[in-house]
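> Pasted the sequence and its predicted model underneath.
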Amino acid sequence: MKALHFGAGNIGRGFIGKLLSDAGIAVTFADVNETVVNALIERNQYPVKVVGEDSVVEEVSNVTAISSLDPSIADLVADVDMVTTAVGPTVLNIIAKTIADGIEKRLSNNNTAPLNIIACENMVRGTSQLKETVFGHLSDQAKAFSDQYVGFVDSAVDRIVPPAEEGETDPLAVTVETFSEWIVDQTQFKGDIPDIPGMECTDNLMAFVERKLFTLNTGHLITAYLGVLAGHETIKESIEDDAIRADVTAAMNESGAVLIKRYGFDPEAHAAYIQKILGRFANPYLRDEVDRVGRQPIRKLSPQDRLVKPLNGTLEYGLPNEYLLKGIAAAFLYKNDDDPQAVELQAMFAEKGFAQTLAHYSELKADSEIVTLAEQAYNALK
């Protein structure tokens, strides 16, 4: 079995690419980083340091790479059994044309073997969004072909993969936490579902997408923003600050109440899940910097992301939201001159004020009670 994986960064190599290779699948990474691509072509393997109570280095083998700019990449799409991604929402739109070209070639080659495409991104139904963009590039005949032979499979992914360790000189070395979770929508596959240890199938994906978004992502981001305000450099330092841990736990309990109401999660089991997440934040073997986690605040204030989506859930069910509002307020205090979104957010905030800026990015109403409460939280926090 062969797979093409877009994105040879730390997440691509340390998470999805590793699981595919461990399952005996031949993996070709596609990336624009020439150093990484050339090293993968030359070595056909790379080390992954898995850190937890024990620290082990595992070799990932049976891999190679191709430049994302190489026109022949469409030939690979036309030939492989799986396409996976770990590139981020913006790049996902860019690679859609390449995937579409590959599907057109599958059609012209009369390759009717099933192809399953899985976007492994921090997005809600990211593969469905990718499908919409891909279909915008397809002929009517290729659309009909895709409906029959190409599966666009939504997924939820969860693994903390920080940047390379300080002093690391190997461009392929990557460090990951022990925990990983890759859940896929089993109803969207074409043909047989591949047997990949570490890939879990469900027919209720949204429950797990939102569980991860509302718990790991919400908690991680609020930890980062409150950590910045307290002068901490890492997530570990931040979550070990008792005041921050209390606020983050409270916010995760608020978002968790939405999940329990919406999906019927067992309250005790979800409380245990929250504690597991908090333990992961404190992993002493991962240096996860608050600035890495806090980047792109505009995207993270959008209606479908980790701050506003759970907040809207509390409004839907009439649930408490004081600590989620504190997280949103903290986003407005995040300043990072190296992050274009942070710069843009602060510029609009300076010009339009809190209510108009939050309303613009979150799609909440500027004159609503919840935006007023968020602004009060901001004034209290600053």
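Received, thanks. Numbering: from 1, shown residues only.

> so how far is stretch 69-79 off the chain centroid?
Relative to its parent chain, stretch 69-79 has a centroid offset of 25 Å by CA atoms, centre = their mean, to the nearest Å.

> Quick one: end-to-end distance for it.
End-to-end distance of stretch 69-79 (CA to CA, to the nearest Å): 18 Å.

> Relative to Ser68, how far out is Gly256?
The spacing between Gly256 and Ser68, counted by CB to CB, to the nearest Å, is 39 Å. (C-beta placed from N, C-alpha, C; glycine too.)

> Between the two, which has more neighbouring residues?
Ranked by neighbour count (other CB atoms under 10 Å), Gly256 and Ser68 place Gly256 first, with 24 against 20.

> Pretty sure the more buried one sits against His270.
Yes: using CB atoms under 8 Å, Gly256 makes contact with His270 at a distance of 5.1 Å.

> tally of neighbours for Pro197?
Pro197 has 8 neighbours, counted by other CB under 10 Å.

> just checking, it is part of a strand?
No: using DSSP: H, G, I helix; E, B strand; the rest coil, the secondary structure at Pro197 is coil, not a strand.

> Let me see the backbone angles for it.
Note on Pro197: backbone dihedrals following degrees, to the nearest 10 are phi -50, psi 130.

> Ile244: what's it in contact with?
Thr223, Leu226, Gly227, Ala230, His232, Ser238 (CB atoms under 8 Å, 6 or more residues apart in numbering).

> Where do the domain boundaries of the protein fall?
2-203, 206-381 (automatic domain parsing).

> Centre of the chain to the last one, how far?
Centroid displacement of domain 206-381 relative to its chain, using CA atoms, centre = their mean, is 15 Å.

> Just the mean pLDDT for that domain, thanks.
In this model, domain 206-381 has an average pLDDT of 96.

> Between the two ends of it, how far is it?
Its start and end residues considered, domain 206-381 measures 33 Å (CA to CA).

> Could you do the first one as well?
The straight-line separation of the ends of domain 2-203 (CA to CA) is 25 Å.

> Off-centre distance for it?
Mean-position distance between domain 2-203 and its chain equals 13 Å (CA atoms, centre = their mean).

> these two touch, right, Gly139 and Glu104?
Gly isn't right for residue 139; it's Ser. Yes: look at Ser139 against Glu104 with CB under 8 Å: they come within range, at 6.8 Å.

> Who has more neighbours out of those two?
Under the criterion of other CB under 10 Å, the comparison of Ser139 against Glu104 puts Glu104 first, with 20 against 12.

> which outside residues touch the host helix or strand of that one?
Taking DSSP states H and E as the criterion, Glu104 maps to helix 89-108. Outside helix 89-108, the residues that touch it by CB under 8 Å, 6+ apart are 6-7, 30, 68, 73-78, 83, 85, 87, 115, 117, 119, 121, 123, 126, 129-130, 133-139, 141-142, 145-146, 149-150, 299.

> let's see it at 7 Å
By CB atoms under 7 Å, 6 or more residues apart in numbering, the residues outside helix 89-108 that reach it are 6, 73-75, 77-78, 83, 85, 87, 115, 117, 119, 121, 123, 126, 130, 133-134, 137-139, 141-142, 145-146, 150.

> The residues you listed in strands, which ones?
Here DSSP state E is the test, and these give Phe6, Val83, Thr85, Leu115, Ile117, Ala119, Val150 as lying in strands.

> Looking at those residues, spot the one nearest Arg292.
Thr85 (20.1 Å; CB to CB).

> returning to that earlier point: let me know the closest of the ones in strands among the contacts of helix 89-108 to Asp247.
Among the ones in strands among the contacts of helix 89-108, and counting by CB to CB, the member closest to Asp247 is Ala119, at 32.2 Å.

> Just confirm that closest one contacts Thr85, I think it does.
Yes: Ala119 lies in contact with Thr85 (CB atoms under 7 Å); the separation is 4.7 Å.

> List the contacts of the residue positioned nearest the centre of the chain.
Nearest to the mean C-alpha position of the chain, counting by CA atoms, centre = their mean, stands Asn122 at 2.1 Å. Contact analysis of Asn122 by CB under 7 Å, 6+ apart lists Asn217.

> 10 Å - rerun?
Shown in contact with Asn122 (CB atoms under 10 Å, 6 or more residues apart in numbering): 11, 86, 88-89, 156-158, 209, 212-213, 216-217, 299-300, 305-306.

> Could you tell me the phi and psi values at it?
When read as degrees, to the nearest 10, the backbone of Asn122 gives phi -80, psi 70.

> just checking, what's the longest helix in this structure?
Counting by DSSP state H, the longest helix found in the chain is helix 242-263.

> what about dumping the CA coordinates of the following helix or strand past that one to PDB?
For helix 242-263, the succeeding helix or strand toward the C-terminus, using DSSP H and E, is helix 267-281. Provided in PDB are the C-alpha atoms of helix 267-281 (Å, rounded to 0.1, in the frame of the first residue of the first chain):
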ATOM      1  CA  PRO A 267     -19.300  13.300  33.200                       C
ATOM      2  CA  GLU A 268     -16.800  11.300  35.200                       C
ATOM      3  CA  ALA A 269     -15.100  10.000  32.100                       C
ATOM      4  CA  HIS A 270     -14.800  13.500  30.700                       C
ATOM      5  CA  ALA A 271     -13.400  14.800  34.000                       C
ATOM      6  CA  ALA A 272     -10.700  12.100  33.700                       C
ATOM      7  CA  TYR A 273     -10.100  13.200  30.100                       C
ATOM      8  CA  ILE A 274      -9.600  16.800  31.300                       C
ATOM      9  CA  GLN A 275      -7.100  15.600  33.900                       C
ATOM     10  CA  LYS A 276      -5.200  13.600  31.300                       C
ATOM     11  CA  ILE A 277      -4.900  16.700  29.100                       C
ATOM     12  CA  LEU A 278      -3.700  18.800  32.000                       C
ATOM     13  CA  GLY A 279      -1.000  16.200  32.600                       C
ATOM     14  CA  ARG A 280       0.100  16.300  29.000                       C
ATOM     15  CA  PHE A 281       0.500  20.100  29.300                       C
END
